[in-house]
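Asks: sequence-free structure coming up:
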């Protein structure tokens, strides 16, 4: 089936039958699923008032997802924090209590259960910084993550490219999922067969250990690369704008862009993205995320990893997900709706969330991880 256009981009094919794995990924992920060859067109842009309205709404979303900040140093910033004694913040804490202050309650529920830990990276394990290439985690945080991974199955699920996250973290004790879960490195198990799944391949990690790589959006890579080149070209005149290619998704950072020029960023991204109907836009803290429109997100990634770890069908499993951004809400939602785990939102500001608990910043995340290790050790005595 061909969709006519003046110009075409990659051909998506999926003639393989449905995988028998409960979470095997196949063409049903695609809203335009078919067993036939499909040509994805580059949609011819038609300027309209609707485009102007959409671009304007993007700007509103950019502002709402990007709280004001104050400068700390050359390379780091911090979002404005709420007054801990304010009525609004105290009220918010009653709805999303501190995971540190509620630690005994969490561990009482965890007794007799197998805990699995899922962590976002930026803003959770590392501070939010002006330059995303400088989002380094501290050595004390790295030690805390290594220690917790020695006691619990642990994975990092980030919007970053998986290789980039591994470069930042540098630990082989964990599993990694990049591009918002579109690129997963997980354990080799019989629960997720690879032989009849075109999106899952057997590979080795940096240490030569055999792993499964799950990449349900491989067909989109040429399209992502094409959009990346266009964005780099069209934003090079916007001071402070940075485009990051995360292999299966793109990030347009505007943290260093003067707020008066945010509309220029929005219009630039809008003008390019409207030509690609199979890509979608989501918002983070001073970042626009461009991803394929497929039925996959961080919540699905958590489910996939639980199955890979052999933990998806057990009632004695307690997944905990810690994250700070909008894309983490998909994972929080999965845990809340299934009533089988805890989402912990990292935030210095009151905001609605699918999480059950909260932590203020990466330093509290580190304290929480250390507390989990101490509790595990004491329970083994």
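Replies: All right, it came through fine. All values derive from a computational prediction rather than experimental measurement. Residues are numbered from 1 along each chain as shown.
Asks: Would you confirm that residue 276 contacts residue 222?
Replies: No: between residue 276 and residue 222 there is no contact under CB atoms under 8 Å: 11.8 Å. Heads up, the C-betas are built off the backbone N, CA and C, glycines and all.
Asks: can I see the domain layout of this protein?
Replies: Taking the TED database as the reference, the chain has its domains at 83-186+296-380, 220-292.
Asks: how about these, which one is nearest residue 211?
Replies: Closest approach to residue 211 among the domains of the chain is made by domain 83-186+296-380 (5.2 Å; CB to CB).
Asks: Quick one: distance of the closest one to the chain centre.
Replies: Counting by CA atoms, centre = their mean, to the nearest Å, domain 83-186+296-380 is centred 11 Å from the centre of its parent chain.
Asks: circling back: tell me which of the domains of the chain lies nearest to residue 212.
Replies: In terms of CB to CB, the element of the domains of the chain nearest to residue 212 is domain 83-186+296-380, at 5.1 Å.
Asks: mean confidence score for that closest one?
Replies: Domain 83-186+296-380 shows a mean pLDDT of 93.
Asks: any idea what residue 303 is structurally, helix, strand or coil?
Replies: At residue 303 the chain is in helix, as set by DSSP: H, G, I helix; E, B strand; the rest coil.
Asks: typo on my end, it should be residue 237
Replies: With three-state DSSP as the basis, residue 237 sits in coil.
Asks: rewinding a little: which of residue 276 and residue 222 has more neighbours?
Replies: Remark: of residue 276 and residue 222, residue 276 carries more neighbours, 22 against 13, as counted by other CB atoms under 10 Å.
Asks: Checking my notes, that one in a helix, right?
Replies: No: counting by three-state DSSP, residue 276 is located in no helix; its state is coil.
Asks: residues near residue 263, how many?
Replies: Per other CB under 10 Å, the neighbour tally for residue 263 reads 14.
Asks: Okay, and it sits in which element?
Replies: For residue 263, the host element (DSSP states H and E) is helix 262-273.
Asks: Okay, buried residues for that helix please.
Replies: By 16 or more other CB atoms under 10 Å, the buried positions in helix 262-273 come out as 262, 264, 265, 266, 267, 268, 269, 270, 272, 273.
Asks: And the next helix or strand after that helix, what does it pack against?
Replies: Remark: after helix 262-273, the chain's next helix or strand is strand 279-284, criterion DSSP H and E. For strand 279-284, the elements it packs on are helix 49-64, helix 221-235, helix 262-273, strand 287-292, judged by 3 or more CB pairs under 8 Å, 6 or more residues apart in numbering; DSSP states H and E.
Asks: ok, now with 7 Å
Replies: Using 3 or more CB pairs under 7 Å, 6 or more residues apart in numbering; DSSP states H and E, the elements in contact with strand 279-284 are strand 287-292.
Asks: List the contacts of the strand it packs on.
Replies: Contacts to strand 287-292, defined as CB atoms under 7 Å, 6 or more residues apart in numbering, come from residues 159, 180, 217, 220, 227, 249-253, 269, 273, 278-282, 327.
Asks: do stretch 125-143 as well
Replies: Here stretch 125-143 makes contact (CB under 7 Å, 6+ apart) with 75-77, 119, 122, 145, 168-169, 171, 242, 244, 253, 255-256, 285, 362, 365-366.
Asks: Need the distance between the two termini of that stretch.
Replies: End-to-end span of stretch 125-143 (CA to CA, to the nearest Å): 11 Å.
Asks: For the buried residues of helix 262-273, give me JSON lines that also has distance to residue 343 and pLDDT.
Replies: Shown next, in JSON lines, are the buried residues of helix 262-273 (distance: CB to CB, whole Å; pLDDT from 0 to 100):
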{"residue": "262", "distance to residue 343": "29", "pLDDT": "93"}
{"residue": "264", "distance to residue 343": "35", "pLDDT": "93"}
{"residue": "265", "distance to residue 343": "30", "pLDDT": "94"}
{"residue": "266", "distance to residue 343": "30", "pLDDT": "92"}
{"residue": "267", "distance to residue 343": "34", "pLDDT": "92"}
{"residue": "268", "distance to residue 343": "34", "pLDDT": "94"}
{"residue": "269", "distance to residue 343": "29", "pLDDT": "94"}
{"residue": "270", "distance to residue 343": "31", "pLDDT": "92"}
{"residue": "272", "distance to residue 343": "33", "pLDDT": "95"}
{"residue": "273", "distance to residue 343": "29", "pLDDT": "94"}
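Asks: So which of the contacts of stretch 125-143 sit within strands?
Replies: Per DSSP state E, strands hold the following members of the contacts of stretch 125-143: 77, 119, 242, 244, 253.
Asks: quick one: which two of those are the most distant?
Replies: Pairwise distances across the ones in strands among the contacts of stretch 125-143 peak at 24.0 Å for 119 and 242 (criterion: CB to CB).
Asks: Between those two, tell me which one has more neighbours.
Replies: residue 119 (25 against 19).
Asks: Could you give the bridge partners of that one?
Replies: Assessed by DSSP bridges, residue 119 has beta-bridge partners residue 156, residue 322.
Asks: ok, it - contacts?
Replies: Taking CB under 7 Å, 6+ apart, one finds 125, 156, 322 in contact with residue 119.
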